[in-house]
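J.: coords please:
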Amino acid sequence: MARRDYVPHASDVVWLEFRPVMSRPVTARIKGHPFEVLTMVDGIECAVLSDQIKSLDWKVRRARKKAAESADVMIHVRAKVKALLMIG
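T.: Okay, here's the model as predicted:
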């Protein structure tokens, strides 16, 4: 059961419950797209899909922390999001 007082940090990798739709902003299917940021989760090479940012209610989706991204990965993700949004 998810803790009610848990608030995900920007670098947290979380499991979310979706019924019936699954969303994968982090994937093990690395395709080499320009907005992918490579990372490791549980020893598996993955890509953060920085062009698929979504705003979700982590309480309703019962977020559970899976892992945390490194500061270096987050710097790259934020830089790509800024480029997409054209933020200086």
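
J.: Now do the SS call for residue 84.
T.: When classified by DSSP: H, G, I helix; E, B strand; the rest coil, residue 84 comes out as helix.

J.: Spatially, what comes nearest to it if we skip its sequence neighbours?
T.: residue 51 (5.9 Å; CB to CB, 6 or more residues apart in numbering). (C-beta placed from N, C-alpha, C; glycine too.)

J.: Mind telling me what element the one you found is part of?
T.: Under DSSP states H and E, no helix or strand contains residue 51.

J.: OK, contacts around it?
T.: 33, 35, 80, 84 (CB atoms under 8 Å, 6 or more residues apart in numbering).

J.: Look up the pLDDT of it for me, please.
T.: pLDDT, residue 51: 90.

J.: State the distance from it to residue 59.
T.: Going from residue 51 to residue 59 by CB to CB, to the nearest Å gives 26 Å.

J.: Tell me the buried residues in the helix or strand containing residue 77?
T.: Applying DSSP H and E as the criterion places residue 77 in helix 71-85. In terms of neighbour count (16 or more other CB atoms under 10 Å), helix 71-85 has its buried residues at 73-74, 76-77, 80.

J.: Please apply the same query to stretch 50-63.
T.: Quick answer for stretch 50-63 (16+ other CB under 10 Å): 50, 61-63.

J.: Stretch 34-46 too?
T.: By neighbour count on 16+ other CB under 10 Å, the buried set for stretch 34-46 is 35-37, 39, 46.

J.: what ranges do the strands span in the protein?
T.: Listed in chain order, the strands of the chain (DSSP state E) span 12-15, 26-27, 36-41, 44-49, 64-68.

J.: and which of the buried residues of stretch 34-46 is nearest to residue 28?
T.: Nearest to residue 28, judged by CB to CB, of these is residue 46 at 5.1 Å.

J.: Output the below-cut-off pLDDT ranges for the chain.
T.: Within the chain, the stretches with pLDDT under 70 are 1-4, 18-24, 88.

J.: Alright, calling it a day.
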